[in-house]
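[1] Give me a model of this one.
(4 chains)
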Protein chains: 2
Amino acid sequence: MKLHEARQQFISSWGAFGTHWGINRTMAQIHALLLISAEPMTQDDIMEELNISRGNTNMNIRELINWGLVDRVLLPGERKEYFTAEKDIWKVVKQIVKERKKRELEPMLELMGKLEEVEGDKRDKHIKTFLETVGNIKKLGLQADKTLDIMVRAEEHWFLGAMMKFIK
Amino acid sequence: MKLHEARQQFISSWGAFGTHWGINRTMAQIHALLLISAEPMTQDDIMEELNISRGNTNMNIRELINWGLVDRVLLPGERKEYFTAEKDIWKVVKQIVKERKKRELEPMLELMGKLEEVEGDKRDKHIKTFLETVGNIKKLGLQADKTLDIMVRAEEHWFLGAMMKFIK
DNA sequence: CCTTATTTTCAATATTTATTGAAACTTCGA
DNA sequence: TCGAAGTTTCAATAAATATTGAAAATAAGG
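    Numbers count the residues shown, from 1 in each chain, chains lettered A, B, ... in the order given. Below is the predicted model:
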């Protein structure tokens, strides 16, 4: 397979992959493109390579910057902005985990806390089932939250090494 | 907060949560409803409770069954089908992990394997960057695959206990 | 078999989400 | 301060996805 075709496939499948994870196709594709590009790229480079409009490119680059996955780079003597992606995949994963934990897991746990205060007789079957479900979700969620916290702080060699020892 | 309101909030937020995870709102809401219901429910019960059409209900129940999150139950003397959700959240999480691993992680790793065979001079900067990215994704992906495999097989008490000891 | 209750399918439609592109804004050098 | 180069915004539009509901298929009982 030629590099050009391989790059196309990488970008397209990373895009499809993204859509299963609540990330839009374009954002994932821009990320993919930057991941496999040796040099920083401008908005125009990205627009041309992916055949997308200026507005779309701009919005998704900004979103990637918000997620901490892409950085703005200023090249000396150049007026245009250039962009690069963090190439260390472990850092990328940690960054994504960190954001989703904050955006989704934590608000969810907060809600479970509130829902545990439902009023009524705890011996009532309906209340009981409700409280059990909510309680169990909260318990597991807290556990996950702690574990992910450690992961986000960990170095790859330490975390994966320890994990490997731990799991077998 | 009254039970009725708490249930509404649980269902609605579980639905919103689902949409961030590539699961459609209705599917997540049906799952939520069954999670907090003490008794098995029929399609009509679900339709009424969530105000959704028969077709929509049916399709999403079937999808939940495919995911292994909901079971068909036949009550003696009843012609209608009833449905229940697995209430053990640890099992639910394991089931979801198992499915997504199979549907997404494994095909992705297979693709990375193919893309590693790109032809060309490995000293070329573009080839080099491409191969490094693909190689690193594959490495980390394989690691994740193994770890999730263990998790899917583990019992909650064992897994979480070990994890807690490991992380602190 | 035939009737009726129940489940499934799927084309039409509605809703949500993503994309475009032109206009507004910002920045910087002359 | 002005003009050109570059960036951002956002209303309009396109594309993707979810939902409906009625018709077709299936199953169960007599």
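
[2] Can you give me the pLDDT of the residue nearest the centre of chain A?
    Residue closest to the average C-alpha location in chain A (Cα atoms, centre = their mean): A:Ile96, at 2.8 Å. For A:Ile96, the pLDDT comes out at 92.

[3] after the one helix or strand it maps to comes which helix or strand?
    In this structure, A:Ile96 sits in helix A:89-100 according to DSSP states H and E. Next in sequence after helix A:89-100, counting helices and strands by DSSP H and E, comes helix A:106-115.

[4] buried sites along that next one?
    A:Met108, A:Leu111, A:Met112, A:Leu115 (16 or more other Cβ atoms under 10 Å in any protein chain shown). For every residue, glycine as well, the C-beta is placed using N, CA and C.

[5] Does anything pack onto it? Which helices or strands?
    helix A:125-153, helix B:3-19 (3 or more Cβ pairs under 8 Å, 6 or more residues apart in numbering or on different chains; DSSP states H and E).

[6] Columns mean neighbour count and distance to DNA strand D on top of these, output as a markdown table?
    Formatted as a markdown table, the helices and strands packed on helix A:106-115 follow (neighbours: other Cβ atoms under 10 Å in any protein chain shown; distance: least, Cβ to the nearest atom of the strand, whole Å):
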| stretch | mean neighbour count | distance to DNA strand D |
| --- | --- | --- |
| helix A:125-153 | 16 | 22 |
| helix B:3-19 | 17 | 8 |
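
[7] quick one, which of those is nearest to A:Asn56?
    Checking the helices and strands packed on helix A:106-115 against A:Asn56 by Cβ to Cβ gives helix B:3-19 as the closest, at 21.5 Å.

[8] just checking, what packs against that closest one?
    Using 3+ Cβ pairs under 8 Å, 6+ apart, helix B:3-19 sits against helix A:106-115, helix A:125-153, helix B:25-35.

[9] Tell me if the helix or strand just after the last one is near DNA strand D.
    Read that as helix B:25-35. Note on helix B:25-35: by DSSP H and E, the next helix or strand toward the C-terminus is helix B:43-50. No - under the criterion of Cβ under 7 Å from any atom of the strand, DNA strand D is not reached by helix B:43-50; the shortest gap measures 8.2 Å.

[10] Identify the residue of chain A closest to DNA strand C, quick one.
    A:Gly55 (1.8 Å; Cβ to the nearest atom of the strand).

[11] okay, now that residue: neighbour count?
    9 (other Cβ atoms under 10 Å in any protein chain shown).

[12] follow-up on the earlier one: let's have the helices and strands packed on helix A:106-115 in JSON lines, adding distance to DNA strand C.
    Below are the helices and strands packed on helix A:106-115 laid out as JSON lines (distance: least, Cβ to the nearest atom of the strand, whole Å):
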{"stretch": "helix A:125-153", "distance to DNA strand C": "22"}
{"stretch": "helix B:3-19", "distance to DNA strand C": "6"}
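
[13] can you redo these as CSV with mean pLDDT?
    Below are those laid out as CSV (pLDDT from 0 to 100):
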stretch, mean pLDDT
helix A:125-153, 95
helix B:3-19, 94
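
[14] Kindly reformat those as a markdown table containing distance to B:Asp149.
    Below are the helices and strands packed on helix A:106-115 laid out as a markdown table (distance: least, Cβ to Cβ, whole Å):
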| stretch | distance to B:Asp149 |
| --- | --- |
| helix A:125-153 | 17 |
| helix B:3-19 | 25 |
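
[15] Looking at those helices, spot the one closest to B:Trp90.
    So among those, helix A:125-153 is nearest, using Cβ to Cβ, at 6.4 Å.

[16] Does anything pack onto that closest one? Which helices or strands?
    In this structure, helix A:125-153 makes packing contacts with helix A:89-100, helix A:106-115, helix B:3-19, helix B:89-100, helix B:156-167, judged by 3+ Cβ pairs under 8 Å, 6+ apart.

[17] Report the distance from that helix to the chain centre.
    21 Å (Cα atoms, centre = their mean, to the nearest Å).

[18] With stretch A:66-74 instead?
    14 Å.

[19] For that stretch, buried residues please.
    Quick answer for stretch A:66-74 (16+ other Cβ under 10 Å): A:Trp67, A:Leu69, A:Val70.
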